[in-house]
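# just need the structure, nothing else, for what follows:
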Amino acid sequence: MTLRCLDMEALKAVPVTREPFAFFVVPGFVRPAVCADINRDYPKIAESGSFPVGQLCYERYFGDLIDEMASDGAGFFFRAGSGEEDSLVGHWFGCRLPAGQR
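Numbers count the residues shown, from 1 in each chain. A predicted model of the protein is given here:
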């Protein structure tokens, strides 16, 4: 399955850094050709916190990104456990700078 938004080969190619904790950075993981469309369709989140994706209003390309992250082609990278309820895609996070740093 070829994904339109996510470059799974780029993800598979990067090493995991183990110190000071396990993490990885994937340049180009979201394909550059769709970044502007996804950014345009990103949900408007006015406050900080964790928001269930089903409660957010967003447009097509952001929806495509969420669908791909939950798909069989990519979903196993975004699960914290073995069940659907363990998906890291289920919530989207809103962040903002503390007062006085805007």
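
# helices of the protein, residue ranges please.
8-13, 32-41, 60-70 (DSSP state H).

# give me whichever of those helices is most buried.
helix 60-70 (a mean of 18; mean count of other C-beta atoms under 10 Å). Every residue, glycine included, has its C-beta placed from N, CA and C.

# what's the angle between that helix and helix 32-41?
110 degrees (axes from the mean of the first three to the mean of the last three C-alpha atoms, to 10 degrees).

# helix 60-70 - contacts with which helices or strands?
helix 32-41 (3 or more C-beta pairs under 8 Å, 6 or more residues apart in numbering; DSSP states H and E).

# contacts for the helix it packs on?
Arg4, Cys5, Val30, Tyr58, Glu59, Arg60, Tyr61, Phe62, Gly63, Asp64, Leu65 (C-beta atoms under 8 Å, 6 or more residues apart in numbering).

# JSON lines please, covering those residues and showing pLDDT.
Putting the contacts of helix 32-41 into JSON lines (pLDDT from 0 to 100) gives the following:
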{"residue": "Arg4", "pLDDT": "90"}
{"residue": "Cys5", "pLDDT": "92"}
{"residue": "Val30", "pLDDT": "92"}
{"residue": "Tyr58", "pLDDT": "88"}
{"residue": "Glu59", "pLDDT": "91"}
{"residue": "Arg60", "pLDDT": "92"}
{"residue": "Tyr61", "pLDDT": "92"}
{"residue": "Phe62", "pLDDT": "90"}
{"residue": "Gly63", "pLDDT": "90"}
{"residue": "Asp64", "pLDDT": "91"}
{"residue": "Leu65", "pLDDT": "90"}
